[in-house]
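Asker: Build me a structure from this.
(3 chains)
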Amino acid sequence: MKDSIIRVIKVVKNKVPLVHNITNQVVMNFTANGLYALGAAPVMAHEPMEVAEMSQNADALVLNIGTLTESLVEAMVIAGKAANEKGIPVVFDPVGVGATSYRNKAAKRILSTVKLSLIRGNAGEISALAGLKAEMRGVDATGEQNYEKIAKLAVETLNVPVLVTGKVDIVASHNQMIQVNNGVELLTKVTGTGCLLSSVTAAFLAVEADVVKAAVAAISFYTVAAELANEKVHGPGSFQVAFLDALSYTSENDVYQRVHLINLSGDNKNV
Amino acid sequence: MKDSIIRVIKVVKNKVPLVHNITNQVVMNFTANGLYALGAAPVMAHEPMEVAEMSQNADALVLNIGTLTESLVEAMVIAGKAANEKGIPVVFDPVGVGATSYRNKAAKRILSTVKLSLIRGNAGEISALAGLKAEMRGVDATGEQNYEKIAKLAVETLNVPVLVTGKVDIVASHNQMIQVNNGVELLTKVTGTGCLLSSVTAAFLAVEADVVKAAVAAISFYTVAAELANEKVHGPGSFQVAFLDALSYTSENDVYQRVHLINLSGDNKNV
Amino acid sequence: MKDSIIRVIKVVKNKVPLVHNITNQVVMNFTANGLYALGAAPVMAHEPMEVAEMSQNADALVLNIGTLTESLVEAMVIAGKAANEKGIPVVFDPVGVGATSYRNKAAKRILSTVKLSLIRGNAGEISALAGLKAEMRGVDATGEQNYEKIAKLAVETLNVPVLVTGKVDIVASHNQMIQVNNGVELLTKVTGTGCLLSSVTAAFLAVEADVVKAAVAAISFYTVAAELANEKVHGPGSFQVAFLDALSYTSENDVYQRVHLINLSGDNKNV
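Answerer: Residues are numbered from 1 along each chain as shown, chains lettered A, B, ... in the order given. As a prediction, the model looks like this:
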């Protein structure tokens, strides 16, 4: 797995995948800058009349409901279907699902109309999507959570691979489950680090068809960059800046040296 | 008053109040990061169909009309009423009121339908709300202003406590008026420092029922953090970053040592 | 030309022009902070019912279609006409034009209803507007481009002065064409540097009626500030911060010493 991570990172930087983000207003700037920093390209567009064309010209699509409106959900469904038509990977980030019944209904609508490549969320969001009791406060997960159980049940219920992020990060499909033990506390103190990860993962899915390999490469790269950034900061403000820098200079070798993977798939603990 | 400031700051950090922000598109990222930095939690949601539920699950609500639209004003009225029902504090930030007649009408609609805990604005905005001649240019106040007089008249006219910010900051209710003489020039060179203050004050109101005590604690903490940030910056870009850092490390003791309060209530100059 | 650049920069800092931006959600914060940093003042407002009044009270208007919607295009047309009525300069930034047919139609609507002072875009966008074959990927121009030819044809076709930005920057009107050879690579790695430039140019147009002089002064100031910022950064995150700082401290003398102009107008290579 570590060799495939290195390979996928190289290909992303080489191909500069274009990611179409229909995302929330809080994180748009950070998301665009994060994608540019790592060597991908962002585009943001959410007018229902243009999203199909924009998605079909992109290499991946992200649907993020952080500040959803009726019109945005409409745009997400149109863009998602258009991406499906052309076989472009679609990542869903169900921000804050579980917080209101309106948000739950919107998430269900997306789940039932768009074929998703991956769902990325915190433990509370993935629990809520999977029909488990979610512990949410606004858009943040709370309480102690059994990430492995949540990931397993979500894949079974939703029939889509998931990337559950929090104290540890888990990528799970029907056949595989891999835990990544990297990252730093400050990632939880900066808004949009989860949202940007969804967009970064979409960039990796654009160049690697194996969803688990792509997602493990994305989260490994992302959390190692966060560790490098963390070495010289004084708080969340300087961390946000240093993290964007780190996304641009983190090398394949940095990731290879630092990434800590655990195979939870059962038969083989080596990855 | 200094002892109550220290106490309120401690409680905020302890309780991590969840602040629902219906705010403008310019400052959403900065507001979310600022709330996280100081130890509160942000949520942004503005679809009229979900704001009532979101507000009622939050600890405080902020209504900010910086980039208002018809739909946003609708959402603010719904959320405000829902917050009122459950006794959740509501802070109103009338950004740019006085600049257009549409904005004036929207502000009046909010004032007449939502019971507000506090209004936070610059001298021009508070003047405009109170029916005084406002000196505004876009969303910025201009000209020499008598802050004390503006604060007093606004409380009388609007029947809501106010926090007027500018060269000095004044918290005023029917019974009390306290001036805080902290802060730095660069706060006026970074967009959203007023908007974030409104959200920070909402976090303080979430844990302290005495509006004047909560608002004085909020503005004291905020301006002392700005002073600490100011010591090592090269312009507005690095100030914005350093300020987010400072919001996360400014201690109760820093505030106690540096805050400079003046009691304008008349009978007792000691605070 | 160098003397006029210095003079215009001085006047901008003196007059603090108010720029009304109807712009995209990705760059609003950066745009507002950039305008404040250089000594201008931003206002953002896009509700169709208030934009006419807001524009007529501003010194310049920017129309940027980066995340356009039906309602935003409506607001742009209303604001543009209102600005025209009062003779307030209007800058058009056709972000991503060429990427979707919806975007092309919106751009044409603005071109045909609003009298523009200047169009600022990358080579792909200006090509698309002028009916040339555009090489676009999302909102970014790609491929080798003949900037001089694109600028010349665009002015002839659109009958509006243009500022084409990329590896070099060219300001062109019917009579004049000036190339500015400053700037740094990192400007292309931070989102919104083109958008902010459009707003900065609007601030310069607010104080200087000669469009070519104003635009050359704006792009000279902007790219020299980027060069000064570039000296102490570790990637795109710290560049964004350092650039905002540099916009606030770059002096007329810095620009005079560093700016590199080439007269492409034909008869006289000295500028």
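Asker: now the nearest residue to A:H234 once chain neighbours are set aside: how far from A:T188?
Answerer: Leaving aside its chain neighbours, A:H234 sits nearest to B:D245 (4.7 Å; criterion: CB to CB, 6 or more residues apart in numbering or on different chains). To be clear about C-beta, it is placed using only N, CA and C from the backbone, and glycine gets the same treatment. To A:T188, B:D245 is 16 Å away according to CB to CB, to the nearest Å.
Asker: What residues does the stretch 101-250 of chain A have near chain B?
Answerer: A:101-103, A:137-140, A:189-192, A:233-238, A:240-241 (CB under 8 Å from any CB of the partner chain).
Asker: ok, back up a step: between B:D245 and A:T188, who's got more neighbours?
Answerer: Higher neighbour count among B:D245 and A:T188: B:D245, with 22 against 18, using other CB atoms under 10 Å in any protein chain shown.
Asker: so what secondary structure elements neighbour whatever helix or strand the more buried one lives in?
Answerer: Using DSSP states H and E, B:D245 sits within helix B:236-249. Identification of packing neighbours for helix B:236-249 by 3 or more CB pairs under 8 Å, 6 or more residues apart in numbering or on different chains; DSSP states H and E yields helix A:236-249, helix B:28-38, helix B:211-230, helix C:28-38, helix C:236-249.
Asker: now the ones you listed in a markdown table, with mean pLDDT and distance to C:D59?
Answerer: Shown next, in a markdown table, are the helices and strands packed on helix B:236-249 (pLDDT from 0 to 100; distance: least, CB to CB, whole Å):
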| stretch | mean pLDDT | distance to C:D59 |
| --- | --- | --- |
| helix A:236-249 | 98 | 32 |
| helix B:28-38 | 98 | 25 |
| helix B:211-230 | 98 | 29 |
| helix C:28-38 | 98 | 11 |
| helix C:236-249 | 98 | 18 |
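Asker: right, and those helices - which one's nearest C:D210?
Answerer: helix C:28-38 (19.6 Å; CB to CB).
Asker: what separates the closest one from the chain centre, distance-wise?
Answerer: Distance, stretch centre to chain centre, for helix C:28-38: 13 Å (CA atoms, centre = their mean, to the nearest Å).
Asker: same question, stretch A:102-120
Answerer: Chain-centre distance of stretch A:102-120: 14 Å, with CA atoms, centre = their mean.
Asker: Export it to PDB, keeping only CA atoms.
Answerer: Extracted in PDB, the C-alpha atoms of stretch A:102-120 (Å, rounded to 0.1, in the frame of the first residue of the first chain):
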ATOM      1  CA  TYR A 102     -33.900  19.400   6.300                       C
ATOM      2  CA  ARG A 103     -30.300  18.500   6.000                       C
ATOM      3  CA  ASN A 104     -31.100  14.800   6.500                       C
ATOM      4  CA  LYS A 105     -33.600  15.000   3.700                       C
ATOM      5  CA  ALA A 106     -31.200  16.700   1.300                       C
ATOM      6  CA  ALA A 107     -28.500  14.100   2.000                       C
ATOM      7  CA  LYS A 108     -31.000  11.300   1.300                       C
ATOM      8  CA  ARG A 109     -32.000  13.000  -1.900                       C
ATOM      9  CA  ILE A 110     -28.400  13.100  -3.100                       C
ATOM     10  CA  LEU A 111     -27.700   9.500  -1.900                       C
ATOM     11  CA  SER A 112     -30.700   8.300  -3.900                       C
ATOM     12  CA  THR A 113     -30.100  10.200  -7.100                       C
ATOM     13  CA  VAL A 114     -26.300  10.300  -7.500                       C
ATOM     14  CA  LYS A 115     -24.000   7.300  -7.800                       C
ATOM     15  CA  LEU A 116     -21.200   8.300  -5.300                       C
ATOM     16  CA  SER A 117     -17.600   7.100  -5.500                       C
ATOM     17  CA  LEU A 118     -16.900   8.000  -1.800                       C
ATOM     18  CA  ILE A 119     -18.400   9.600   1.200                       C
ATOM     19  CA  ARG A 120     -16.100  11.600   3.500                       C
END
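Asker: pLDDT averaged over that stretch - what is it?
Answerer: Mean pLDDT, stretch A:102-120: 98.
Asker: Check stretch A:66-77 too.
Answerer: Stretch A:66-77 shows a mean pLDDT of 98.
Asker: what's in contact with it?
Answerer: The contact list for stretch A:66-77 (CB atoms under 8 Å, 6 or more residues apart in numbering or on different chains) reads A:22-27, A:46-48, A:51, A:63, A:65, A:93, A:95-96, A:103, A:106, A:109-110, A:113-114, A:139, A:195, B:28, B:44-47, B:49-50, B:71, C:69.
Asker: do stretch A:92-104 as well
Answerer: A:23-24, A:62-66, A:68, A:107, A:110-111, A:114, A:116, A:118-121, A:124-129, A:134, A:136, A:138-139, A:160, A:194-195, A:198, B:43, B:45, B:47, B:49-50, B:53-54, B:57.
Asker: from those, which ones fall inside helices?
Answerer: Mapping the contacts of stretch A:92-104 onto helices (DSSP state H) picks out A:107, A:110-111, A:124-129, A:194-195, A:198, B:49-50, B:53-54.
Asker: Drop anything exposed from those residues.
Answerer: Listed as buried from the ones in helices among the contacts of stretch A:92-104 are A:107, A:110-111, A:124-129, A:194-195, A:198, B:49-50, B:53-54; burial here means 16 or more other CB atoms under 10 Å in any protein chain shown.
Asker: Any buried residues in the helix or strand that contains A:N14, and which?
Answerer: A:N14 belongs to helix A:2-15 when assigned by DSSP H and E. Across helix A:2-15, burial judged by 16+ other CB under 10 Å covers A:S4, A:I5, A:I6, A:V8, A:I9, A:V11, A:V12, A:K13.
Asker: The residue nearest in space to the middle of chain A and chain B: what is the separation?
Answerer: Nearest residue to the geometric centre of chain A (CA atoms, centre = their mean): A:S198, 2.1 Å. Between A:S198 and chain B the distance is 16 Å, computed by CB to the nearest CB, to the nearest Å.
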